[in-house]
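Okay, sequence plus prediction incoming.
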Amino acid sequence: MTTRRSLLRTSLVGGSCAGLGSLGFLSQLRPVTGQEATPDPAGVRLHGEIEPLVRVLEDTPRERVLEEVAARLQRGLSYRELLAALLLAGVRNIQPRPVGFKFHAVLVVHSAHLASLASADTDRWLPLFWAIDQFKSSQAADVREGNWTMGPVDEKAVPAADKARAALIHALDRWDEAAADAAIVGFARSAGANEIFDLLSRYGARDFRDIGHKEIYVANSFRTLEVIGWHHAEPVLRSLVYALLDRSGATENPADADLPADRPFRANLERIAALRSDWTAGSRNHDGTTALMSALRTGSSEDASATVVDLLGRGVAPASLFDACLAASGELMMRDPGIVSLHASTFTNAVHYAWNRCGDDATRRILLLQNAAFLPLFRGAPKTARAPLDALEPLTPRASGPDALGEIFADLGSDREAAARKTLAWLRDTPDPAAFAAEARRLVFLKGTNSHDYKFSSAVFEDYHAMAPGWRDRFLAASVFNLRGPSEPDSGLVGRIRAALGV
């Protein structure tokens, strides 16, 4: 039987890496000695089989790391092993504070993985190689900013298995970093992935510091662990808990203060008790989506949360309310393209994933209300007077067939609103967006220069399939306000990657 591992190796040899045998210049690279591959006893230890590869990513200079990895792929390194090493190198070497900026090298790993899975065989390795280069850039930034490295576990402070969960909750509630670090280790060694995810996803959506990155980290770290194996979880969870306790410079302990970033959560803890016991049993309802969209468009966080409670009480399904959250994030991107609006989309993607995976009813309630409460905080003052998303009118492209898609992406360089309207018309006539997504990803590979290109596109193409038919096309049309166009300059990295792979 063909396994995923064998399939990926076949793709590597027969597809994008067919020319690896001619990489004679790799002989110029010095070998990695046994001493160099031995972990520093003062640092966090990883599983023995992955430690040498992590050290290669950590210690090889940026200008040579792609060639070094390519050589190891030629010798049989698997996709999963490379993905694991990439995540672990990031969590060990890059401080997750703030939960963004240079730490995007970790946050983007799962998005790069999704882009790889959706790519043609000839391009499948490009996102991971891009992420490796991103890690090296972030590693250098971390060195300039103090050279943070995850330290060893304080084994004496790790609570017993039967006390670990309560100790972690207490530490997170009190924003106690040292106690939380020891407690998550005890919890990771005694509990299963689902139980840990349910708890941490609640804290990921607790506060608006880092504009949603905390929940994004919860979702993306667990999703990557599902691919690489739970035995790698401990250092990842330690990094995650440290990130969840980022105060964004606040000198007061949030547990003892009334800070704006924490107010929606505290109010929503009271609201969730008012939800009916069968709150998930409602029907999908277009009018319910429109009603929440209106609150998200002009109301406060309190208005948005109260509207969710009201609509659930009237039998509107949570799916319709997530339709509104996703559509509202797309509308924000139309009205104010930029980094804040982008995170409204990636945060909602993370919450939606967590809501679907989570088994704890109270956590699912708070996730939905927090998603709605946070979107007005992303909103700010619109910079354009564009029509609302549900009023966007389709515009038939001048070209037809495959050329219509080329016309749409060409418009990204001059008139993104026209591109959005043409996308809406194209989707009306082409119900399957696969060709659109493939072209958008190709342009991200060629033109992308930062992690947000991968995070945003992976989130949008995933969420499209979860939305009701009446909203999904408009949501995807709005995405063109943050996609790459063919007139933008190539990133330059693709040439380096292809050279390293010998293609």
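Received, thanks.

okay, CA-based contacts and neighbour counts for the rest of this
OK.

Show the contacting residues for residue 272.
309, 362, 365, 366 (Cα atoms under 8 Å, 6 or more residues apart in numbering).

Tell me which two in those are the farthest apart.
309 and 362 (13.7 Å; Cα to Cα).

how does the chain divide up, domain by domain?
For the chain, automatic domain parsing gives the domain ranges 4-144, 155-244, 276-379, 393-482.

now those as CSV including mean neighbour count, mean pLDDT and distance to residue 387?
Shown next, in CSV, are the domains of the chain (neighbours: other Cα atoms under 10 Å; pLDDT from 0 to 100; distance: least, Cα to Cα, whole Å):
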stretch, mean neighbour count, mean pLDDT, distance to residue 387
domain 4-144, 18, 76, 30
domain 155-244, 20, 98, 25
domain 276-379, 22, 97, 8
domain 393-482, 19, 96, 9
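
Let me know which of those domains is the nearest to residue 254.
Closest approach to residue 254 among those (Cα to Cα): domain 155-244, 7.3 Å.

okay if I get the domains of the chain as CSV plus distance to residue 260?
Output for the domains of the chain, formatted as CSV (distance: least, Cα to Cα, whole Å):
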stretch, distance to residue 260
domain 4-144, 18
domain 155-244, 8
domain 276-379, 11
domain 393-482, 26
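
Compare the ones you listed and report which one is nearest to residue 495.
Among these, domain 393-482 comes nearest to residue 495, with 9.2 Å by Cα to Cα.

what about the closest one, start to end distance?
Here the two ends of domain 393-482 are set 19 Å apart, with distance taken as Cα to Cα, to the nearest Å.

Tell me which stretches of the stretch 51-200 of the chain form helices.
With DSSP state H, counting those that start in this stretch, the ranges of helices along the stretch 51-200 of the chain come out as 51-59, 62-74, 79-93, 104-107, 109-117, 126-144, 161-174, 177-188, 193-204.

picking that back up, make TSV out of the contacts of residue 272 and add distance to residue 206.
Output for the contacts of residue 272, formatted as TSV (distance: Cα to Cα, whole Å):
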residue	distance to residue 206
309	18
362	13
365	13
366	9
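
In helices, which of those fall?
Among those, the members falling in helices (DSSP state H) are 309, 362, 365, 366.

any idea how far residue 404 is from residue 424?
Distance from residue 404 to residue 424, counting by Cα to Cα: 12 Å.

hang on, the earlier thing: which stretch among the domains of the chain comes nearest residue 264?
domain 276-379 (6.4 Å).

quick one, what contacts residue 409?
Contacts of residue 409 by Cα under 8 Å, 6+ apart are 419, 485, 486.

same question, residue 168
Neighbour list for residue 168: 179, 180, 183, 184, 187 [criterion: Cα under 8 Å, 6+ apart].

which among those residues gets closest to residue 496?
Closest approach to residue 496 among the contacts of residue 168 (Cα to Cα): residue 184, at 39.8 Å.

residues contacting the residue nearest to residue 139 when sequence neighbours are not counted?
Closest residue to residue 139 apart from its sequence neighbours, by Cα to Cα, 6 or more residues apart in numbering: residue 94 at 6.1 Å. Contact analysis of residue 94 by Cα under 8 Å, 6+ apart lists 102, 103, 138, 139, 142, 148, 149.

Residue 492 now?
For residue 492, the contacting residues are residue 446, by Cα under 8 Å, 6+ apart.

give me that answer again for 10 Å
Each residue near residue 492 by Cα atoms under 10 Å, 6 or more residues apart in numbering is listed here: 446, 447, 448, 449.

which residue sits closest to the third one in space, ignoring its chain neighbours?
With Cα to Cα, 6+ apart as the measure, residue 491 is the residue that lies nearest to residue 448, at 6.2 Å, once sequence neighbours are left out.

So what does that neighbour look like in phi/psi?
Dihedral pair for residue 491: phi -70, psi -20, per degrees, to the nearest 10.

next one: residue 283
Per degrees, to the nearest 10, the backbone of residue 283 is at phi -110, psi 150.

isn't it right up against residue 315?
Yes: Residue 283 is within contact range of residue 315, at 6.4 Å (criterion: Cα atoms under 10 Å).

which SSE is residue 302 in?
Applying DSSP states H and E as the criterion places residue 302 in helix 301-313.

Show me what the helix or strand just after that helix is packed up against.
Once the chain leaves helix 301-313, the next helix or strand it forms, by DSSP H and E, is helix 318-335. Using 3 or more Cα pairs under 10 Å, 6 or more residues apart in numbering; DSSP states H and E, the elements in contact with helix 318-335 are helix 286-298, helix 301-313, helix 339-357, helix 361-379, helix 416-429, helix 451-464, helix 469-478.

Report all helices and strands that the shortest one contacts.
Under the contact criterion of 3+ Cα pairs under 10 Å, 6+ apart, helix 469-478 touches helix 286-298, helix 318-335, helix 416-429, helix 451-464.

Now the shortest one - C-alpha only, CSV.
Spelled out, that is helix 286-298. Provided in CSV are the C-alpha atoms of helix 286-298 (Å, rounded to 0.1, in the frame of the first residue of the first chain):
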residue,chain,number,x,y,z
HIS,A,286,-29.6,33.8,6.2
ASP,A,287,-31.5,36.5,8.1
GLY,A,288,-29.7,35.6,11.3
THR,A,289,-26.3,36.0,9.5
THR,A,290,-27.4,39.4,8.2
ALA,A,291,-28.5,40.5,11.7
LEU,A,292,-25.2,39.6,13.3
MET,A,293,-23.4,41.2,10.3
SER,A,294,-25.2,44.5,11.1
ALA,A,295,-24.1,44.4,14.7
LEU,A,296,-20.5,43.6,13.8
ARG,A,297,-20.5,46.4,11.2
THR,A,298,-21.6,49.2,13.5
